[in-house]
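Undergrad: kindly generate the corresponding structure for this input.
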Amino acid sequence: MVSLTPPTAAHPAAKGSASLSQVKDCRQFENKPSSPWIPSIKGDVNAVSREQLGQYIGRQRNTYGKAMGDIMLPEGQTVEGCVRDLVTEALARRGYAVADAKGDATFDVQVKIGEFWAWCTPGMWSIPFESRLYCEVVIRRGDKESKFNIQAQGNNPGQVASDANWREAYRRAFDDFLLQLDGVLSREGLRGPPPVFPSASLGSRAGLFIAVSRCACPRRACRSCCAPRCAGRPVRVSLCRQSRPSRA
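TA: Numbers count the residues shown, from 1 in each chain. Okay, here's the model as predicted:
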């Protein structure tokens, strides 16, 4: 069992409320799929209830790519619950609390989960862990309705098949998901303070997420310190030699 906890950050004072009327797991499972990113289980998927499938989040594989054991959430945790927590966190970072009643909210959010899966591909010297999230998000404000697709992924080059490595792959996908959803909320005019996204230590170099309106690298020469999404969005900046300010 692998428990997942969506990342959290400091939240501004609440300035409004939103309802989260639907979070639905729409993933399609297959028996013996041809690709590792297609959800499957050890056994016949048709013999498992839809409720039980809500706890399956990945599959182990051997060096030859053959599917083996299942990766599941612990009792009491589901894929729908994890995504609900992620969306709630994204709204809270924009200053919106999730209301219990739809009529009391400024806007409504509905989410359909198309992908929430992780897999590993063991190699000679390492075991890369990959995770992928895909959600269809609908935001309704009065008569206005906006639809968005969010596809996030996380890659973790591990060495052993441990629970910690599965969690790390999902943590990176969660960070990517929150970053993209924050951009959606911003484009919808649901503005809040610039969000700060925490990141884990990268060995001797600490990573840092900051909100900027353009590329944050002073010399614009270090590819390792600027994420691909640096056009008006929060970007990832590492304290590397090229971008570190001079003491002179």
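
Undergrad: just the helices in this protein please.
TA: Remark: helices assigned in the chain by DSSP state H are 50-53, 79-93, 163-187.

Undergrad: please save the CA atoms from stretch 20-34 in PDB.
TA: This file holds the C-alpha atoms of stretch 20-34, laid out as PDB (Å, rounded to 0.1, in the frame of the first residue of the first chain):
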ATOM      1  CA  LEU A  20     -16.500  21.200  -5.900                       C
ATOM      2  CA  SER A  21     -19.700  19.400  -7.000                       C
ATOM      3  CA  GLN A  22     -18.100  16.500  -8.900                       C
ATOM      4  CA  VAL A  23     -14.800  14.600  -8.900                       C
ATOM      5  CA  LYS A  24     -15.400  11.400 -10.900                       C
ATOM      6  CA  ASP A  25     -12.900   8.600 -11.600                       C
ATOM      7  CA  CYS A  26     -13.400   7.800 -15.300                       C
ATOM      8  CA  ARG A  27     -10.300   5.700 -15.900                       C
ATOM      9  CA  GLN A  28     -10.500   2.800 -18.200                       C
ATOM     10  CA  PHE A  29      -8.800  -0.400 -17.100                       C
ATOM     11  CA  GLU A  30      -7.800  -3.200 -19.400                       C
ATOM     12  CA  ASN A  31      -6.700  -6.800 -19.000                       C
ATOM     13  CA  LYS A  32      -3.000  -7.300 -20.200                       C
ATOM     14  CA  PRO A  33      -2.700  -3.900 -21.900                       C
ATOM     15  CA  SER A  34       0.100  -3.300 -24.500                       C
END
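
Undergrad: check which residues of that stretch are buried.
TA: Under the neighbour-count criterion of 16 or more other Cβ atoms under 10 Å, stretch 20-34 has 20, 23, 25, 27, 29 buried. For every residue, glycine as well, the C-beta is placed using N, CA and C.

Undergrad: state the distance from the last one to residue 77.
TA: Going back to what we said before, that points to residue 29. 18 Å (Cβ to Cβ, to the nearest Å).

Undergrad: do the first one as well
TA: When distances are taken as Cβ to Cβ, residue 20 and residue 77 turn out to be 17 Å apart.

Undergrad: which ones are touching the nearest residue to residue 27 once chain neighbours are set aside?
TA: For residue 27, ignoring the flanking residues on the chain, the nearest one in space by Cβ to Cβ, 6 or more residues apart in numbering is residue 39 at 5.3 Å. By Cβ atoms under 8 Å, 6 or more residues apart in numbering, residue 39 lies in contact with 27-30, 33, 53, 56, 59, 117.

Undergrad: mind pulling up the pLDDT for residue 40?
TA: What the model reports as pLDDT for residue 40 is 94.

Undergrad: quick check: the nearest residue to it once chain neighbours are set aside vs residue 61, distance?
TA: Spatial nearest neighbour of residue 40, excluding adjacent residues (Cβ to Cβ, 6+ apart): residue 33 at 5.2 Å. Per Cβ to Cβ, residue 33 is found 12 Å from residue 61.

Undergrad: so what does residue 125 look like in phi/psi?
TA: Here is the backbone geometry of residue 125 (degrees, to the nearest 10): phi -120, psi -10.

Undergrad: how is the protein divided into domains?
TA: Domain assignment for the chain, taken from automatic domain parsing, gives 16-187, 201-238.

Undergrad: how close does the residue sitting nearest the centre point of the chain get to residue 168?
TA: In the chain, the C-alpha nearest the mean C-alpha coordinate belongs to residue 174, at 2.2 Å (Cα atoms, centre = their mean). Distance check for residue 174 against residue 168: by Cβ to Cβ, it reads 10 Å.

Undergrad: residues that sit against both of these two, list them.
TA: residue 154.

Undergrad: so what does the residue nearest to residue 163 when sequence neighbours are not counted have for phi and psi?
TA: Spatial nearest neighbour of residue 163, chain neighbours left out: residue 2 (5.0 Å); criterion: Cβ to Cβ, 6+ apart. Backbone torsions for residue 2, taken as degrees, to the nearest 10, come to phi -120, psi 110.
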